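**Student:** I'll drop the sequence and a predicted model, then ask my questions.
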Amino acid sequence: MMNIMETTTTDYDQSGDDSDYEYMCDKEDINTFGATLMPAFYALVLVFSLIGNGLVLLILVKYEYLKTITNIFILNLAISDLLSAISLPFWAIHHSVGWIFGYEMCKIMSGIFYIGFYSGIMFLTLMTVDRYLAVVHAVSAARSRKVRYATITSMIVWLTSTLAAVPDFIFAALDVDLVCVHIYPSESAGQWTLFRYYQQNILFFILPFIIIVYCYFRIIQTLRKCRTVQKHRTLRVIFTIVVVFFLCWAPYNAVIFLKSLELNVLQFQSCEMEIYIDYAHTISHNIAYFHCCLNPIFYAFVGEKFRRHLIHFCNHCLPCSMVYQQQRYVTRNPNLECSDGSLGNDTTNNW
């Protein structure tokens, strides 16, 4: 079973393309592969996402009270990840037995998934820009980095991601086999498919990746002036964030780019090549989506305050000797003291 989250050649066929060789391609193996892999993988992602992002929300609400810009962005990022995660049981069942939830739920779940999908990447980029301002331009940004600023920019992100997901909501429908797919008007199916590919490639990978790399490069330049032992640990965290983001999203976007070339330039006349791309799309899509499980680790639990709050929460709700043992080694990090005095408390407390 193909699902709405995967824009494959199958979706394009059902949108009105009359290419003969595509109809002759036997997709039974890739469908079986997806039906076997997806439910188990979605269950794994759902569990990790609920635990990680759920703990982030709990700690933010219970201990932090959303007093800082960083916490507001982390809260919104956790909501984005959870928004996509709540649709996973539907897609797992979809891969196993088909879409049994009706026409309206096909549209609703498609819209919910993509709103979370797009907003998650946008909040990652926004958090990077905010850290860049807090570290590199601390003095000039101090006047504008207020809670109101975080609230307004968060609203803009949610509005933008909702608008980006409108086509997914409109064109999500059930085909003759009761599979939830994108069904475009026959006269513009190719253009809509290319639009989705380019939107994901440019707006939700290339542009965010360029911004993230530039911001963290400037942050590293600033941190190298700091006189503290925490500098090296912070640099390792930054390097890990960038590398993991690239490794998770680059394969998926490379496949999306190949699929856009397949429709627009290359016009593959080989079923074998088409099937290989479908396999790569399924696997790379799963790798990309697993990134939402890693967000709580990199953007929350690596911070000293979050770890202290988590241990405090576990001590009261899940008391055990192991937690108490960990608490002995958790101490408050001193603020980073840079030669230009540019790194503030808001950033260091969450790293």
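**Tutor:** Perfect, thanks for sending it.

**Student:** Go through the strand or helix carrying M109 and flag the buried ones.
**Tutor:** For M109, the enclosing helix or strand under DSSP states H and E is helix 103-136. Within helix 103-136, the residues scored as buried using 16 or more other CB atoms under 10 Å are 105-128, 130-136. Placement of C-beta: from N, CA and C, glycine included.

**Student:** How about stretch 141-160?
**Tutor:** Across stretch 141-160, burial judged by 16+ other CB under 10 Å covers 141, 145, 149-150, 153-154, 157-158.

**Student:** Over to stretch 89-106?
**Tutor:** 90-95, 99, 105-106.

**Student:** Now, these that are in helices?
**Tutor:** Among those, the members found in helices (DSSP state H) are 90-95, 105-106.

**Student:** could these go into CSV alongside distance to I238 and pLDDT?
**Tutor:** As requested, those are arranged in CSV below (distance: CB to CB, whole Å; pLDDT from 0 to 100):
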residue, distance to I238, pLDDT
F90, 36, 91
W91, 33, 88
A92, 35, 86
I93, 39, 89
H94, 38, 87
H95, 37, 83
M105, 41, 94
C106, 41, 93
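
**Student:** for the stretch 151-300 of the chain, what spans make up the strands?
**Tutor:** 172-174, 180-182 (DSSP state E, counting those that start in this stretch).

**Student:** how far does the last one sit from the chain's center?
**Tutor:** Read that as strand 180-182. Centroid displacement of strand 180-182 relative to its chain, using CA atoms, centre = their mean, to the nearest Å, is 21 Å.

**Student:** Against which helices or strands is it packed?
**Tutor:** Counting contacts by 3 or more CB pairs under 8 Å, 6 or more residues apart in numbering; DSSP states H and E, strand 180-182 packs against helix 9-13, helix 103-136, strand 172-174, helix 189-198.

**Student:** change it to 10 Å
**Tutor:** Packing partners of strand 180-182 (3 or more CB pairs under 10 Å, 6 or more residues apart in numbering; DSSP states H and E): helix 9-13, helix 88-97, helix 103-136, helix 166-171, strand 172-174, helix 189-198.

**Student:** what would these look like in a markdown table with distance to P39?
**Tutor:** Output for the helices and strands packed on strand 180-182, formatted as a markdown table (distance: least, CB to CB, whole Å):
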| stretch | distance to P39 |
| --- | --- |
| helix 9-13 | 18 |
| helix 88-97 | 4 |
| helix 103-136 | 15 |
| helix 166-171 | 22 |
| strand 172-174 | 20 |
| helix 189-198 | 25 |
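
**Student:** out of those, which comes closest to N315?
**Tutor:** helix 103-136 (28.9 Å; CB to CB).

**Student:** that older thread, in JSON lines, list the strands of the stretch 151-300 of the chain along with mean neighbour count, mean pLDDT and distance to R307.
**Tutor:** As requested, the strands of the stretch 151-300 of the chain are arranged in JSON lines below (neighbours: other CB atoms under 10 Å; pLDDT from 0 to 100; distance: least, CB to CB, whole Å):
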{"stretch": "strand 172-174", "mean neighbour count": "19", "mean pLDDT": "91", "distance to R307": "41"}
{"stretch": "strand 180-182", "mean neighbour count": "26", "mean pLDDT": "90", "distance to R307": "41"}
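
**Student:** what about the ones you listed, which gets the closest to V45?
**Tutor:** Closest among the strands of the stretch 151-300 of the chain, once you apply CB to CB, is strand 180-182, at 18.7 Å.

**Student:** Quick check, pLDDT for S110.
**Tutor:** Note on S110: pLDDT of 92.

**Student:** That one and I69: what is the separation?
**Tutor:** Taking CB to CB, to the nearest Å as the criterion, S110 is separated from I69 by 32 Å.

**Student:** ditto for I170
**Tutor:** According to CB to CB, I170 and I69 sit 34 Å apart.

**Student:** more neighbours, the two?
**Tutor:** Each of I170 and I69 has its neighbours counted (other CB atoms under 10 Å); I69 has more, 25 against 14.

**Student:** How about the contacts made by that one?
**Tutor:** 127, 130-131, 133-134, 145-151, 153-154, 346-347, 350 (CB atoms under 10 Å, 6 or more residues apart in numbering).

**Student:** what do you get if the cut-off is 6 Å, keeping everything else the same?
**Tutor:** 145, 150 (CB atoms under 6 Å, 6 or more residues apart in numbering).

**Student:** right, and out of the buried residues of stretch 89-106, which lies closest to P185?
**Tutor:** For the buried residues of stretch 89-106, the closest approach to P185 (CB to CB) belongs to C106, at 17.6 Å.

**Student:** so the nearest residue to that closest one once chain neighbours are set aside bridges to which residues?
**Tutor:** Spatial nearest neighbour of C106, excluding adjacent residues (CB to CB, 6 or more residues apart in numbering): C180 at 4.1 Å. Counting by DSSP bridges, C180 forms beta bridges with L174.

**Student:** Quick check: C180 vs L60, distance?
**Tutor:** Plainly put, C180 is 34 Å away from L60 if you go by CB to CB.

**Student:** same deal with F209?
**Tutor:** The gap separating F209 from L60 is 27 Å, by CB to CB.

**Student:** and if you look at V166?
**Tutor:** From V166 to L60 the distance is 30 Å (CB to CB).

**Student:** what does E272 give?
**Tutor:** Per CB to CB, E272 is found 50 Å from L60.

**Student:** neighbours around L50, how many?
**Tutor:** Neighbour count of L50, defined by other CB under 10 Å: 16.
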